[in-house]
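> Build me a structure from this.
(one chain, ligands or ions: 2)
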Amino acid sequence: MKINKAAVIGGGSFGTVVANILADNEIETWQWLRDATIAESINTHQKNDKYLPDTPLNPALNATTELDEAIQGADVIFVSVPSRYVREVVSSFAAKLMPQQALVSTTKGIEPERFLLMSQVLEELCPANPVGVLSGPNLAKEIARRELAATVIASKNSDLRRNVQSGLSCSYFRVYASDDLYGVELSGALKNIYAIVSGFVAALGMGENSRSMIITRSLAEMSRFAVALGANPLTFLGLAGVGDLVVTCSSPLSRNYRVGYAIGEGKTLDEAVNSLGEVAEGVNTLRYVRAKAAELDIYMPLVMGAYEVLFNGADPRLVAQGLMSGDHASDVEFALPRSEI
Ligand SMILES: NC(=O)C1=CN([C@@H]2O[C@H](COP(=O)(O)OP(=O)(O)OC[C@H]3O[C@@H](n4cnc5c(N)ncnc54)[C@H](O)[C@@H]3O)[C@@H](O)[C@H]2O)C=CC1
Ligand SMILES: O=C(CO)COP(=O)(O)O
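Ligands and ions are numbered 1, 2, ... in the order given. Here you go, the predicted model:
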């Protein structure tokens, strides 16, 4: 079955990019957002003035502040609001869904109380509906300029995977498939932490060897955490893992990288976050992952170091330095077991 109507919940930069691709692919698309002025601007001037002011949007894209108008009859509903609001927003329409309507999260964050990923929140709220996750190296502003990019749709439901692949694939966007929902989603959330650390490293003027060491050891740390939580570490080798880690650890277009960069320059966390005006999920994810790693006794020196910098005022230089003095470990996680080091 192809997608005849799609809804996108969220009026930020990524929600707008997803909605615009769907509209470019001639799918009837309704984007829900709270701000009536932005909705009006999308409908009349084909612009999201706040989040993507330089991108002319497809004239066929419909924006609305009425949730019902967006979700009614939508074959797929993309959820693209910051993680702290996903439960609240989805709860407000969950009871109105028909069982065949699929939900796809694009949100890269964690709900702290029970350490739930967004697909788990969706499954809890909408147990009868197919659920998927879209994640990958997808800086919204580059995709908005139609620069080539690829992503991953992860779901246990093969119809959902195929529908999203055909609904979102176009000349500048390619969609790969995975059935490892948890691994794809966990890597999307975790990489935001390491983008912050890479921001410190860049601001401090450390060299390319340091940056490469940080990115590669981030991957080791992410996969160690993932395995402790029961995820498949192989997923971390794909676009949603290495791909997204590399792009967000390298690009000033990443909000998480920019937060780290500002802190590396000497700004406080509040100053760094307030100057963004957009969501940087990694700040909260760092708090939750640090608590989980402590609870499960998982060795994560970059997470522990970054936490000290963001929340206890430690010198960002110490994070990279911490790697030099930590326990000796194997290069590729799981290739050489710790017991043999
Ligand atoms: N921007 C990017 O390059 C990418 C972002 N993502 C993820 O997508 C999610 C959304 O990101 P962006 O669109 O970039 O965020 P954003 O900061 O550009 O926009 C967030 C949107 O959510 C809305 N919002 C905030 N609180 C809300 C509430 N209580 N109810 C309803 N709407 C609310 C805001 O008004 C805004 O329209 C994040 O989890 C992010 O990690 C994923 C891939 C790429
Ligand atoms: O997830 C992203 C790109 O894939 C966007 O990263 P930021 O949230 O750090 O901007």
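
> so who does the residue of the stretch 1-150 of the chain found nearest ligand 2 touch?
Residue of the stretch 1-150 of the chain nearest ligand 2, by C-beta to the nearest ligand atom: residue 138 (4.2 Å). Bear in mind the C-beta positions are built from the backbone N, C-alpha and C, glycine included. Counting by C-beta atoms under 8 Å, 6 or more residues apart in numbering, residue 138 touches 14, 17, 149, 151, 244.

> redo that, cut-off 6 Å
149, 151 (C-beta atoms under 6 Å, 6 or more residues apart in numbering).

> next one: phi and psi at it?
Note on residue 138: its backbone torsions stand at phi -130, psi 60 [degrees, to the nearest 10].

> Based on its surroundings, how many neighbours for the nearest residue in space to residue 3 that is not next to it in sequence?
Of all residues not flanking residue 3 in the chain, residue 167 sits nearest, at 4.2 Å (C-beta to C-beta, 6 or more residues apart in numbering). For residue 167, the neighbour count with other C-beta atoms under 10 Å is 24.

> The nearest residue to residue 16 once chain neighbours are set aside - how many residues pack around it?
Leaving aside its chain neighbours, residue 16 sits nearest to residue 48 (4.7 Å; criterion: C-beta to C-beta, 6+ apart). Residues within reach of residue 48, counting by other C-beta under 10 Å, total 28.

> Distance of residue 48 relative to ligand 1?
According to C-beta to the nearest ligand atom, to the nearest Å, residue 48 and ligand 1 sit 9 Å apart.

> if I pick that residue, what's in contact with it?
Contact analysis of residue 48 by C-beta under 6 Å, 6+ apart lists 16, 38, 42.

> which residues does it bridge with?
Beta-bridge partners for residue 48, by DSSP bridges, are residue 52.

> and stretch 23-31, how far apart are its ends?
Terminal residues of stretch 23-31 lie 10 Å apart, using C-alpha to C-alpha, to the nearest Å.

> So what's the predicted local confidence for the spatially closest residue to residue 230 that is not a sequence neighbour?
Spatial nearest neighbour of residue 230, excluding adjacent residues (C-beta to C-beta, 6+ apart): residue 182 at 7.5 Å. Here, the pLDDT recorded for residue 182 equals 94.

> any idea whether the most centrally placed residue in the chain is helix, strand or coil?
Centrality entry for the chain: nearest residue to the mean C-alpha point is residue 108, 2.9 Å, by C-alpha atoms, centre = their mean. Put simply, residue 108 is coil when judged by DSSP: H, G, I helix; E, B strand; the rest coil.

> dump the residue contacts of it.
For residue 108, the contact set (C-beta under 6 Å, 6+ apart) comprises 188, 189, 281.

> so which of those is the most crowded?
residue 188 (31 neighbours).

> roughly how far apart are it and residue 85?
Distance, residue 188 to residue 85, using C-beta to C-beta, to the nearest Å: 17 Å.

> same check, this time on residue 274
Counting by C-beta to C-beta, the gap from residue 274 to residue 85 is 19 Å.

> cool, residue 156 as well?
Distance from residue 156 to residue 85, by C-beta to C-beta: 25 Å.

> Then residue 149?
In terms of C-beta to C-beta, residue 149 sits 25 Å off from residue 85.

> Of the two, which one has the most company?
residue 149 (19 against 15).

> hey, what's that one bridged with?
In beta-bridge terms (that is, DSSP bridges), residue 149 pairs with residue 173.

> quick one: contacts for it?
138, 143, 173.

> Count the neighbours of residue 175 for me.
Neighbours around residue 175, by other C-beta under 10 Å: 21.

> Regarding it, what is its secondary structure?
Counting by three-state DSSP, the backbone at residue 175 sits in strand.

> Let me know whether it touches residue 166 as I believe.
No. With contact defined as C-beta atoms under 6 Å, residue 175 does not count as touching residue 166 (8.5 Å).

> Show me which residues of the protein are close to ligand 1?
10-15, 33-34, 51, 80-83, 85, 89, 106-109, 138-140, 278-279, 281 (C-beta under 6 Å from any ligand atom).

> List buried residues within these.
10-15, 33, 51, 80-83, 89, 106-109, 138-140, 279, 281 (16 or more other C-beta atoms under 10 Å).

> thinking again about what came up before, work out for me the element the residue nearest to residue 230 sits within.
helix 181-203 (DSSP states H and E).

> tilt between the helix or strand that that helix is followed by and helix 181-203?
Beyond helix 181-203 in the direction of the C-terminus, DSSP H and E gives the next helix or strand as helix 208-228. Angle, helix 208-228 to helix 181-203, by axes from the mean of the first three to the mean of the last three C-alpha atoms, to 10 degrees: 160 degrees.

> For helix 208-228, give me every contacting residue.
186, 190, 194, 197-198, 201, 233, 236, 249, 296, 298, 300, 302, 320, 323, 333.
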